[in-house]
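Student: Next input, structure requested:
(chains A and B)
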Amino acid sequence: MDILQITILGVLASLLYILLKEVHGSIAFLIILITGIVIFFSIIQQIQLIFETIRKLGDQANVQGLYLTTILKIIGISYIAEIGAHLTKDAGLNSVSKYIELAGKIFILLLAVPIITAVIEAIIGFIPNV
Amino acid sequence: MFVDALILFQIAGIGIIVALIHTILKQMGKEEIAQFATLIGFILVLLIVVNGLSDLFQQIRSVFLF
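Tutor: Residues are numbered from 1 along each chain as shown, chains lettered A, B, ... in the order given. Predicted coordinates for the structure are as follows:
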């Protein structure tokens, strides 16, 4: 989808939200939700193209598959956590959105543990045994 | 699946019609039926939105290698 179409979609969604907020609050919130879904759907195909390029380059440079997979998973977790956090913030639940962000950070740290372990083992390997 | 703003208009239309039905039934003095109409409209819209959300999460799972 073009950037112009996405912008027009956002403006249209805000118009419908203002129109519907007075008469029906919950359905107005669902309009915000479906707008986010539609916009993300249109960008995720482009993200897929970018990731295929990254993976091809990584294969050419002989990067281990584990590291690339971990990085892509981390990016996916951050996208999902951001969608959830923004939605809950729009619904007026600031504390829940903070908890979702915290959960995303914890899961990212959990996924990064093998990489951190590899780095620390490499550093320890450099230290000569006295 | 989502190539245009059709789904947005669909949800807004359902919302406006449900609000109309709610107002008319309230004017006729049938509070309970008005509440049920609102509830069913909300469930219809929720069905559309949850389907879209499920599709989106499936797509994310396939793209980000989960």
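
Student: hey, let's count contacts and neighbours off CA atoms from now on
Tutor: OK.

Student: So, low pLDDT: which residues of the chain?
Tutor: Just going to use chain A. Confidence mapping of chain A against pLDDT under 70 gives the ranges A:1, A:130.

Student: Sorry, I should have been clearer: chain B.
Tutor: Confidence mapping of chain B against pLDDT under 70 gives the ranges B:1-4, B:65-66.

Student: The residue of it found nearest chain A: how many residues sit nearby?
Tutor: Across chain B, the shortest distance to chain A (C-alpha to the nearest C-alpha) belongs to B:Phe64, at 5.5 Å. Look at B:Phe64: counted by other C-alpha atoms under 10 Å in any protein chain shown, it has 20 neighbours.

Student: same deal with A:Gln60?
Tutor: Residues lying near A:Gln60 (other C-alpha under 10 Å) number 9.

Student: Tell me how far the residue of chain B closest to chain A lies from B:Leu44.
Tutor: To B:Leu44, B:Phe64 is 31 Å away according to C-alpha to C-alpha, to the nearest Å.

Student: and if you look at A:Gly84?
Tutor: Distance, A:Gly84 to B:Leu44, by C-alpha to C-alpha: 22 Å.

Student: name the element the spatially closest residue to A:Thr88 that is not a sequence neighbour belongs to?
Tutor: Once flanking residues are discounted, A:Thr88 sits nearest to A:Ser97: 5.4 Å by C-alpha to C-alpha, 6 or more residues apart in numbering or on different chains. In this assignment (DSSP states H and E), A:Ser97 forms part of helix A:94-126.

Student: for that helix, packing partners?
Tutor: Here helix A:94-126 touches helix A:65-90, going by 3 or more C-alpha pairs under 8 Å, 6 or more residues apart in numbering or on different chains; DSSP states H and E.

Student: Please find the angle between the direction vectors of the helix it packs on and helix A:94-126.
Tutor: Per axes from the mean of the first three to the mean of the last three C-alpha atoms, to 10 degrees, the angle that helix A:65-90 makes with helix A:94-126 is 160 degrees.

Student: Just the buried residues of helix A:65-90, please?
Tutor: Across helix A:65-90, burial judged by 16 or more other C-alpha atoms under 10 Å in any protein chain shown covers A:68, A:70-74, A:76-78, A:80-88.

Student: Quick check: phi and psi at A:Glu22.
Tutor: phi -70, psi -40 (degrees, to the nearest 10).

Student: Run a quick neighbour tally on it.
Tutor: Taking other C-alpha under 10 Å as the criterion, the count of residues near A:Glu22 is 10.

Student: Quick check: residues of chain A near chain B?
Tutor: Counting by C-alpha under 8 Å from any C-alpha of the partner chain, the residues of chain A close to chain B are A:1, A:9, A:13, A:16, A:20, A:23-24, A:26-28, A:30-31, A:33-35, A:37-38, A:40-42, A:44, A:47-48, A:69, A:72-73, A:75-76.
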